[in-house]
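J.: Quick check, what structure comes out for this input:
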Amino acid sequence: MNSESKAIRSVRLFRTAPHDCSYLPSQEASTLFLDPDVSISASINTQLSDRGFRRSGSHIYRPDCATCSSCLSSRVLVNDFVFKRQHRKILNRNQDLLIQETESLDSDTAYSLYCEYIHNRHADGDMHPPNPEQYAAFIAMKPEGTRFFEFSLQERLLAVSVIDQLKHGLSAVYTFYDAEQSRRSLGHYVILWQILKAKELRLPYLYLGYWIKDCPKMNYKINYRPLEMFVRGNWVRLN
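T.: Below you'll find the model as predicted:
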């Protein structure tokens, strides 16, 4: 056993008390999360992602519910992914965007776009209303391996993607965008761009977070097959 594996076995995990589920109203949820005192290194993030965990701000967590197992961690098999006609159309519609990596997301422009996105797309969720403290803790923090990308049209910011670069893949932590640019399908476009980015970096996986069959907001992830789902401790391919 190498030193990295020993390190991940030695970290403490905590479990929350049952609480209302954010995705399935009829369910109670519990969450397993990494000791908050542990610094999130790229190595720890990679190893826990391989075990179905997910990063959200300064927390790495995994659903651990007593009566429900609907939340399945999902990842795109990048090397087997085939760009279909609808994917190519979305890519072509956004060829005019300028994509730049940035060191921070502290600008007023990025924060304003985030607020507009939450108001437009998640006004019924627990992230509403947005505020600067939430943004700093959830979006703008930058652990080891985290990268920020901005998508702009003639200096107008249209989308931002927060990505964790892991040993074997990219993890799509969060994307927010101009919801009024519906023709561009920016949410789908950024996922397609992330798949291309993973190919460029020769990384086999793009982690998309949790897929929940009965949650409409999660259904889009099934469009990026072949996927692997983390089921009972193993990654299972879904063609």
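
J.: now the helix or strand residue 191 falls within, how far from the chain's geometric center?
T.: Taking DSSP states H and E as the criterion, residue 191 maps to helix 186-200. Its chain's average C-alpha position is 12 Å from that of helix 186-200, according to C-alpha atoms, centre = their mean, to the nearest Å.

J.: Ok, stretch 44-54 next?
T.: Here the centre of stretch 44-54 is set off from its chain's centre by 12 Å, with C-alpha atoms, centre = their mean.

J.: circling back to that earlier point, so which elements touch the helix holding residue 191?
T.: Packing contacts for helix 186-200, counted by 3 or more C-beta pairs under 8 Å, 6 or more residues apart in numbering; DSSP states H and E, involve helix 85-93, strand 146-153, strand 156-165, strand 169-177, strand 205-211. Where C-beta positions appear, they are placed from N, C-alpha and C, glycine not excepted.

J.: which other residues reach that helix?
T.: By C-beta atoms under 8 Å, 6 or more residues apart in numbering, the residues outside helix 186-200 that reach it are 76, 78-79, 81, 83, 87, 90-91, 93-94, 99, 151, 158-159, 161, 163, 169-170, 172, 175, 177-178, 204-206, 208, 220, 223-224.

J.: And stretch 76-88, by the same measure?
T.: The set of residues external to stretch 76-88 that reach it, using C-beta under 8 Å, 6+ apart, is 91, 169, 188, 192, 195, 198-199, 203-206, 208, 224, 226-228, 237.

J.: Could you rerun that using 10 Å?
T.: Contacts of stretch 76-88 from elsewhere in the structure, counted by C-beta atoms under 10 Å, 6 or more residues apart in numbering, are 90-91, 169-170, 172, 185, 188-189, 191-192, 194-199, 201-208, 221, 223-228, 235, 237-239.

J.: do stretch 97-106 as well
T.: Contacts of stretch 97-106 with the rest of the structure, by C-beta under 10 Å, 6+ apart, involve 110-111, 113-114, 135-136, 139-142, 147-156, 158-163, 176, 184, 186, 189-190, 193, 197.

J.: Over to residue 119. Which of the three states is it?
T.: Here residue 119 is recorded as helix under DSSP: H, G, I helix; E, B strand; the rest coil.

J.: Test of understanding: give the bridge partners of the closest residue to residue 76 other than its chain neighbours.
T.: Closest residue to residue 76 apart from its sequence neighbours, by C-beta to C-beta, 6 or more residues apart in numbering: residue 206 at 4.2 Å. On the basis of DSSP bridges, residue 206 is bridged to residue 76, residue 170.

J.: Surely residue 206 touches residue 173?
T.: No - with contact defined as C-beta atoms under 10 Å, residue 206 does not reach residue 173; the gap is 11.6 Å.

J.: More neighbours: which of those two?
T.: Using other C-beta atoms under 10 Å, the more surrounded residue of residue 206 and residue 173 is residue 206, with 26 against 21.

J.: list the contacts for that one?
T.: By C-beta under 10 Å, 6+ apart, the contact set of residue 206 is 74-78, 81, 163, 169-172, 191-192, 194-199, 224, 227.

J.: Check residue 95 and give its pLDDT.
T.: What the model reports for residue 95 is a pLDDT of 98.

J.: which intervals of the protein have sub-threshold pLDDT?
T.: 1-9 (pLDDT under 70).

J.: let's see 50
T.: Counting by pLDDT under 50, the chain has low-confidence residues at 1-6.
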